[in-house]
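Participant: what's the 3D shape of this:
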Amino acid sequence: MNAQEILLTRVTPAYWRVTFHNPPYNIYGPQTMPQLNEVITALETDPQVKVVVFDSDVPGFFLTHYDFVPPLTDTTSMPNGPTGLPPLPDMLVRLSKAPVVSIASIRGRATGVGSELALASDMRFASREKAILSQWEIGAALVPGGGPMARLPRLMGRGRALEVLLTGNDIDGELAERYGYVNRAFPDAELDAFVDTIARRIARFDKQSISEIKRLVDASSLPPNEAIAAEWDGFIGSVKRPAAQQRIKQLMELGLQEKADVEIRLAHHTGTLGE
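Facilitator: Model prediction:
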């Protein structure tokens, strides 16, 4: 039996919280797929829910990169989801288009999949002191697979998107706000109260109007599914290449997924691999 990595709390019938709970680093892997799918399906089908907040109870980590321990076939053998896309991009697309408002409350590292889930959410709010966002994959010779090439330019423009994607550097809460990576960054002590207040306010509004507004905004702002599909294909193809295999092996030998220093200073360690 897989451990429960995603905890769903119905704060009220209209306001849910989804908490990532996979200590010590909130790594996302094939075993997480059905748990996230269960949540997304519930958001799509429950007649009362209007707003969902994604957060974490693991200190220092919101949600991080993909799990490199299971064989790749554990991922590639999974059937496509209802959109026709592979499971992870399928769920991120469905989250963006679900008839509820999704809010990412980012405290700790949102790296790789964590960044991609935040980007697929409708709004993102971050701790100024404790949030770190990154698309770290370039440092391991990987192509990100969850939609950041399609989503980031729409939020922050081409140049800043390329800076994030091609440097793999950490983006703190303050810079994320300035770049448009997140809606707003708050002093850490104020983040939870703000997110709870905005979620409760939205939860009082009419669900049909929320859904219709989202649908009309989505029509002019979301990337086409084909763009998201191409990124997943790029990710799977890159994982198989010798350059990525060599760099992932080096990172694992350094302690990726095991040592806190490597996970916390991932941008530093990927920057040394070519030396």
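Participant: Now do the contacts for Glu231.
Facilitator: Shown in contact with Glu231 (CB atoms under 8 Å, 6 or more residues apart in numbering): 89, 143-150. For the C-beta atoms, the positions are set from N, CA and C on the backbone; glycine is no exception.
Participant: Please report phi then psi for Ile40.
Facilitator: Per-residue torsions, Ile40: phi -60, psi -40 (degrees, to the nearest 10).
Participant: now, which of the contacts of Glu231 sits nearest Gly274?
Facilitator: Val143 (17.2 Å; CB to CB).
Participant: give the contact list for the closest one.
Facilitator: Contacts of Val143 by CB under 8 Å, 6+ apart are 137, 231, 234-235, 237-238.
Participant: Distance check, the closest residue to Gln257 other than its chain neighbours against Leu256.
Facilitator: Among residues not flanking Gln257 along the chain, Ile27 sits closest, at 6.0 Å (CB to CB, 6 or more residues apart in numbering). Distance of Ile27 to Leu256, given as CB to CB, to the nearest Å: 9 Å.
Participant: Show me which of these two is the more surrounded one.
Facilitator: Applying other CB atoms under 10 Å to Ile27 and Leu256 shows that Ile27 carries more neighbours, namely 25 against 22.
Participant: Let me see the contact set for the more buried one.
Facilitator: 64-67, 257.
Participant: go with 10 Å
Facilitator: Contacts for Ile27 were tallied using CB atoms under 10 Å, 6 or more residues apart in numbering; they are 5, 20, 61, 63-69, 111-114, 256-257, 263.
Participant: phi, psi of it?
Facilitator: phi -80, psi 140.
Participant: before we move on, the earlier item: report the set of residues contacting both of Ile27 and Leu256.
Facilitator: Common neighbours of Ile27 and Leu256 are listed as 65, 68-69, 263 (criterion: CB under 10 Å, 6+ apart).
Participant: and the gap between the residue found closest to Leu92 once you drop the neighbours it is linked to in the chain and Ala150?
Facilitator: Distances taken as CB to CB, 6+ apart place Ala120 nearest to Leu92, at 4.0 Å, with adjacent residues excluded. Per CB to CB, Ala120 is found 10 Å from Ala150.
Participant: Overlap in contacts, these two.
Facilitator: The contact sets of Ala120 and Ala150 overlap at 89, 222, 228 (CB under 10 Å, 6+ apart).
Participant: any chance of the residues you listed in CSV, plus distance to Gly81?
Facilitator: Formatted as CSV, the shared contacts of Ala120 and Ala150 follow (distance: CB to CB, whole Å):
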residue, distance to Gly81
Pro89, 8
Leu222, 17
Ile228, 12
